[in-house]
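In: Model the structure of this input:
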Amino acid sequence: MRGLRGSVALFAVAIVAGVAACGNRSATVFHPAGSLSSTRLQSSLPGPGAQHLGSFRFPSDVSIDFTSPAPAGAAGRAVVAGYQNYVLSLWAAVLTHGRNTAYLHKAGGNALAFVRREAARYRSPGLTVKGTISYNDTRIAGIYFGTGADVLSCVDASALHQVNARTGATVGPALQTGLTRYLENVAEGRNSDGTWSVTRLATYPATSTQGAMCR
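Out: Numbering: from 1, shown residues only. From the prediction side, this is the model:
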């Protein structure tokens, strides 16, 4: 399994580099071109208080919204499901102070490091998150040989905050980096059971050239 994950991670990194090279003739920096689809549909997940990841149910004061339409094909839907499950596993880890470890099967590489870092910030039971985070205009940039994929999504975390679990007072931004609106670019790899997991993560603030489409 470790060997498979390692090879998938390397393959995914190569994919993102290749996509970047096609967009701006540079294999070292990712520069998205154009704009994402503006079509928005209601989240495919249940409403606040009913969202769940396996046996974990999200509290009613936390909403994780996916507002883009599902891809028409089964392969595309599986890729998007892999991305959404990664996102859910990130916030499940945060809300359980690191006890929910579903992310170990949903993320690898620096994406796994990102989840672990955010969960570590909330290790104290005195801290939690409240509010809404939206993942908008999600699209698949490409699926490669059925084993790798590249996904882009605009993230709006401006209404999700780190709070004092006892008083409910806002402590700071939900994410360590202070990201509020940003472009998220992930590479995914297909697992042996047909599911997909995130193997690489890159974030571009909406104020940057790369993330401008998410302003």
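
In: Which neighbouring residues are in contact with the residue nearest to the spatial centre of the chain, exactly?
Out: Against the mean C-alpha coordinate of the chain, by CA atoms, centre = their mean, the closest residue is residue 87 at 4.3 Å. Residue 87 sits next to 64, 66, 135 when contact means CB atoms under 8 Å, 6 or more residues apart in numbering. Any C-beta I mention is one placed from the backbone N, CA and C, and that applies to glycine too.

In: make it 7 Å
Out: 64, 135 (CB atoms under 7 Å, 6 or more residues apart in numbering).

In: Give me the buried positions along the helix or strand it falls within.
Out: Using DSSP states H and E, residue 87 sits within helix 74-95. Using 16 or more other CB atoms under 10 Å as the test for burial, helix 74-95 gives 76, 78-80, 82-95.

In: mind checking how far the residue located most distally from the centre of the chain is from residue 97?
Out: Distance from the centre of the chain peaks at residue 167, with 28.7 Å (CA atoms, centre = their mean). Distance, residue 167 to residue 97, using CB to CB, to the nearest Å: 17 Å.

In: Where does the prediction get shaky in this structure?
Out: 1-52 (pLDDT under 70).

In: show me where it has helices.
Out: Ranges of helices in the chain, per DSSP state H, are 2-24, 74-95, 109-121.

In: which residues touch the shortest one?
Out: When contacts are taken as CB under 7 Å, 6+ apart, the neighbours of helix 109-121 outside the stretch itself are 9, 86, 89-90, 93-94, 98, 103, 107, 175-176, 186, 198-201.

In: Dump that helix to PDB, restricted to CA.
Out: Listed next in PDB are the C-alpha coordinates belonging to helix 109-121 (Å, rounded to 0.1, in the frame of the first residue of the first chain):
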ATOM      1  CA  GLY A 109       1.900  13.800   0.500                       C
ATOM      2  CA  ASN A 110       1.600  17.500   1.500                       C
ATOM      3  CA  ALA A 111      -2.200  17.300   1.600                       C
ATOM      4  CA  LEU A 112      -1.800  14.800   4.500                       C
ATOM      5  CA  ALA A 113       0.700  17.200   6.200                       C
ATOM      6  CA  PHE A 114      -1.800  20.100   5.800                       C
ATOM      7  CA  VAL A 115      -4.600  18.100   7.500                       C
ATOM      8  CA  ARG A 116      -2.300  17.100  10.300                       C
ATOM      9  CA  ARG A 117      -1.100  20.600  10.800                       C
ATOM     10  CA  GLU A 118      -4.600  22.000  11.000                       C
ATOM     11  CA  ALA A 119      -5.800  19.200  13.400                       C
ATOM     12  CA  ALA A 120      -2.800  20.000  15.600                       C
ATOM     13  CA  ARG A 121      -4.000  23.600  16.000                       C
END
